[in-house]
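Asker: show me the folded form of this:
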Amino acid sequence: MRTRALRLAGGAAYFWQQSGRASEGQTWLSETLALPAAESTTARARALIYASVLIAEQGDYTSARPLLEEALPIARELGDGPTLAF
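Answerer: Next up, the predicted model:
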């Protein structure tokens, strides 16, 4: 269930970004990422990246960086090239 929520929120990130609703997207991604994590997944890594993009778009680069720093080792561990390239 948690992975599905991460995929859904991550999938909607582009919509939130393009429609000028970065704050709304940040809220949904933050709440989804706060769910108990059983394991590191590609969905989590991507949601972390999408959240960091939305936060950075609002000018808060200091808060965006730790999300990227958390996503990078997950993507490396999983060998997820597309996420690493993002």
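Asker: where does this protein dip in pLDDT?
Answerer: Within the chain, the stretches with pLDDT under 70 are 1, 37-38.
Asker: one more time with 80, if that's ok
Answerer: Low-confidence segments of the chain (pLDDT under 80): 1-3, 5, 10, 37-40, 86.
Asker: ranges for the strands of it?
Answerer: In the chain, no strands are defined using DSSP state E.
Asker: and the helices in this protein?
Answerer: 2-18, 22-33, 42-57, 61-78, 81-85 (DSSP state H).
Asker: would you turn the ones you listed into CSV with mean neighbour count?
Answerer: Yep, even glycine has a C-beta here, placed from its N, CA and C like the rest. Output for the helices of the chain, formatted as CSV (neighbours: other CB atoms under 10 Å):
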stretch, mean neighbour count
helix 2-18, 16
helix 22-33, 18
helix 42-57, 23
helix 61-78, 15
helix 81-85, 12
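Asker: can you pull the contacts of the closest residue to Glu57 other than its chain neighbours?
Answerer: In space, and not counting its chain neighbours, Glu57 is closest to Ala22: 4.8 Å by CB to CB, 6 or more residues apart in numbering. Applying CB atoms under 8 Å, 6 or more residues apart in numbering, we find Ala22 in contact with 16, 54-55, 57-58.
Asker: switch to 10 Å and redo it
Answerer: 13, 16, 53-58 (CB atoms under 10 Å, 6 or more residues apart in numbering).
Asker: same question, Trp16
Answerer: By CB under 10 Å, 6+ apart, the contact set of Trp16 is 9, 22-29, 50, 53-54, 57.
Asker: do you know how far it is from Thr3?
Answerer: Distance of Trp16 to Thr3, given as CB to CB, to the nearest Å: 20 Å.
Asker: in space, what's closest to Glu24 - neighbours in sequence excluded?
Answerer: Glu24 sits nearest to Trp16 (CB to CB, 6+ apart), 5.8 Å away.
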